[in-house]
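S.K.: kindly return the folded structure for what I paste below:
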Amino acid sequence: MLNMNSVMIGTTQLPAMAEFYKALLGKPEYQEEGWYGWQAGSTHISVGVHSEAKGKSKDPVRVMMNFETPKVKEEFARIKAIKGAAVVKEP
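M.R.: This next block holds a predicted model:
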């Protein structure tokens with residue numbers, strides 16, 4: 001069985017992506033030139049500049065990450081309030 005180790009998300013909108021994930025996951029564990037990284041459970045999430053990520057995504061649901069919590073209602077309300085968060089479906 002495989003263990004999810006990390007997710008890397010490339011973007012041309014790094015400031016907006018970094019602010020969203022800071023609001024979601026807190027202070028990044030690292031911030032290097034063009035990259036931010038957070039530990040979320042046993043998975044590492046990083047966002048960074050990617051020269052090939054151009055324009056608006058043709059498929060806005062092509063990447064989905066699932067987080068689990070015993071406080072679903074509270075976390076849903078918190079995340080929904082983050083600038084840039086879009087509710088696709090309520091829990």
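S.K.: Q31 and E90, how far apart?
M.R.: Noted for Q31: a distance of 33 Å to E90, by C-beta to C-beta, to the nearest Å. In this view, the C-beta of every residue, glycine as well, is placed from N, C-alpha and C.
S.K.: between the two, which one's more packed in?
M.R.: Per other C-beta atoms under 10 Å, whichever of Q31 and E90 has more neighbours is Q31, with 12 against 6.
S.K.: what helix or strand is the residue lying closest to L25 once chain neighbours are set aside on?
M.R.: Closest residue to L25 apart from its sequence neighbours, by C-beta to C-beta, 6 or more residues apart in numbering: W38 at 4.2 Å. Here W38 sits within strand 35-40, counting by DSSP states H and E.
S.K.: before we move on, what about I79?
M.R.: According to DSSP H and E, I79 maps onto helix 72-80.
S.K.: quick one: low-confidence residue ranges for this structure.
M.R.: Scanning the chain for pLDDT under 70 picks out 60-61.
S.K.: now the strands for the chain?
M.R.: Under the criterion DSSP state E, the chain contains strands at 6-11, 30-32, 35-40, 43-49.
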